[in-house]
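J.: Provide a 3D model corresponding to the input given below.
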Amino acid sequence: MKYFYRTILASVILAAFVCVSSCAINNTEDETSEATGNTAAGETVESSIAIPPEYIYNNQLFEDFESGKSICFVGDSITYGSAFEEPVPWYNPLLPFIRGEVKNFSQGGWTTTFLVSILGDLPQADIYVVAIGINDVLFRDELICAQNTEEFIDNLDAFSDAATRLSPDAKIYFIAPWPFLNQRAEAYDIRQEYADAMRVWCDEEGWFFMDPSFIILDVLDDVDTSVYMWNDYHPDEPEGVGLYSYAVMLSASGTESED
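T.: Next comes the predicted model:
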């Protein structure tokens, strides 16, 4: 299985390492969220890696990317982008496939508890892709971090309520807390508990669930992780965000296309 993932990833990165700056996405509206300080949603964005559609198209997420509907990516520093002169979000390589307006509601250090406190600033979108929780797992601050699975799910539930108030027909994709390296054993157990709880909750509520962690870690196992990772928490650019995007889309294969 490890060989399978690395072989496909090699194909993605080596055969498709064509710069797609000419494929930058022009969104339909300029909209900047002062609350997040993020890049204007309508700004043209360049991507470093193109991911061949044959690896990612057979799932509902890809269908939604191509639908022309607006998409809001929600999360922490991995969604906002970090470690670079210009922030590069984990989904940057996927931008050429997205036909609708792209919004980004994220910032470094955000936790699910903090997210709940600023839901009044959440932008409206047809589709939300939520990747948050790694800071809850790692930092355990009682004031801003979910301390157990019950609090974690309560926070996600508050988010989904806010999103559906803005967009009653919204689709929401939840990504399990991102993986990390070289942490205490307890952190890995907590991450898995939160991911399992998220999976069950998504099944009950009808949201889409994805956990790309095992794919990411499988690739990182027994390789020089500095090729893909800027540090123990953040993917590097371009290889790291390419790996994260690839892993998300491969894990989304469980969200079958309606066609």
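J.: low-scoring stretches of the stretch 151-259 of the chain, by residue?
T.: 254-259 (pLDDT under 70).
J.: Which residue ranges of it form strands?
T.: Secondary structure of the stretch 151-259 of the chain by DSSP state E, counting those that start in this stretch: the strands cover 171-175, 208-210.
J.: Quickly compare those strands and say which is most buried.
T.: The highest mean neighbour count among the strands of the stretch 151-259 of the chain, using mean count of other Cβ atoms under 10 Å, belongs to strand 171-175: a mean of 24. Backbone N, C-alpha and C define where each C-beta goes, glycine included.
J.: Need the residues that contact that one.
T.: For strand 171-175, contacts defined as Cβ atoms under 8 Å, 6 or more residues apart in numbering pick out 61, 64, 75, 126-131, 156, 160, 163, 198, 202, 207-212, 248, 252, 255.
J.: Make a PyMOL selection of the buried ones in those residues.
T.: Command for PyMOL, covering only those of the contacts of strand 171-175 found buried under the criterion 16 or more other Cβ atoms under 10 Å:
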select buried, resi 61+64+75+126+127+128+129+130+131+156+160+163+198+202+207+208+209+210+211+212+248+252+255
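J.: among the strands of the stretch 151-259 of the chain, which is nearest Val241?
T.: Val241 lies closest, by Cβ to Cβ, to one member of these: strand 171-175, at 14.0 Å.
J.: ok, Leu115 to Glu142 distance?
T.: For Leu115, the distance to Glu142 equals 16 Å [Cβ to Cβ, to the nearest Å].
J.: And Phe152, by the same measure?
T.: Separation of Phe152 from Glu142 (Cβ to Cβ) stands at 14 Å.
J.: coming back round to it: of Leu115 and Glu142, give the one with the bigger neighbour count.
T.: Just comparing Leu115 and Glu142: by other Cβ atoms under 10 Å the higher neighbour count belongs to Leu115, 26 against 9.
J.: residues making contact with the helix or strand where the more buried one lies?
T.: Assessed by DSSP states H and E, Leu115 sits inside helix 112-117. Helix 112-117 is contacted from outside by 74, 132-133, 136, 143-146, 151-152, 155-156, 158-159, using Cβ under 8 Å, 6+ apart.
J.: for this protein, longest helix please?
T.: Longest helix in the chain, counting residues (DSSP state H): helix 185-205.
J.: Now do the buried residues in that one.
T.: The neighbour-count check on helix 185-205 (16+ other Cβ under 10 Å) flags 187, 190-191, 194-195, 197-198, 201-202 as buried.
J.: center of the protein - which residue?
T.: Ala131 (4.4 Å; Cα atoms, centre = their mean).
J.: contacting residues around that one?
T.: Ala131 neighbours (Cβ under 8 Å, 6+ apart): 73-76, 78-79, 90, 175, 178.
J.: Glu237: which of those is nearest?
T.: Comparing the contacts of Ala131 against Glu237 with Cβ to Cβ places Trp90 closest, at 9.7 Å.
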